[in-house]
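Participant: Would you be able to build a 3D model of this:
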Amino acid sequence: QVQLVASGGGLVQPGGSLRLSCAASGFDLHYYTIGWFRQAPGKEREGLSCISSGSGSTYYADSVKGRFTISRDKAKNLVYLQMNSLKPEDTAVYYCAADSTTNVQAMCVDLRGYGGQGTQVTVSS
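Facilitator: Numbering: from 1, shown residues only. Below is the predicted model of the structure:
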């Protein structure tokens with residue numbers, strides 16, 4: 001059974017950090033471009049960061065550039081999203097998705113790919 005699960009969310013104060021993990025069962029993340037998306041209540045889903053298979057090229061949305069970092073752990077078959085300097089407007093459900101495209105910008109902008117279970121991130125004092 002193919003499944004993607006995002007984890008690592010929680011409640012954090014403004015300015016704090018969290019690291020999200022994307023785990024897969026049934027397939028190897030290394031062979032797919034992986035993206036992190038989020039959706040806040042009443043807002044459209046937003047593509048935050050994507051990392052390609054192979055070269056590992058990355059894309060970041062302007063809203064998270066300089067604060068978030070995407071990375072792979074091939075040995076553990078995980079993709080991480082390190083989130084620093086969190087803001088209340090980062091509050092959302094965060095999802096990871098996988099796609100066969102190698103165009104990281106297209107994946108993030110067009111919200112491509114198969115996604116899975118999300119994790120809630122709440123930034124509040």
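Participant: Cys108 contacts Ile51, doesn't it?
Facilitator: No. At 9.8 Å, Cys108 and Ile51 do not qualify as touching, with contact defined as C-beta atoms under 8 Å. Glycine gets a C-beta too; all of them are placed from N, C-alpha and C.
Participant: Would you mind listing the residues touching both of those two?
Facilitator: By the contact definition C-beta atoms under 8 Å, 6 or more residues apart in numbering, Cys108 and Ile51 are jointly contacted by 35, 59.
Participant: What is the subsequent helix or strand relative to the strand or helix carrying Met107?
Facilitator: Taking DSSP states H and E as the criterion, the element that holds Met107 is helix 104-110. Where DSSP H and E defines the elements, the next helix or strand beyond helix 104-110 is strand 114-115.
Participant: show me the contacts for the residue nearest to Gly15 when sequence neighbours are not counted.
Facilitator: Nearest non-adjacent residue to Gly15, counting by C-beta to C-beta, 6 or more residues apart in numbering: Ser85, 6.1 Å away. If a contact means C-beta under 8 Å, 6+ apart, then Ser85 has 15, 17, 67 as its contacts.
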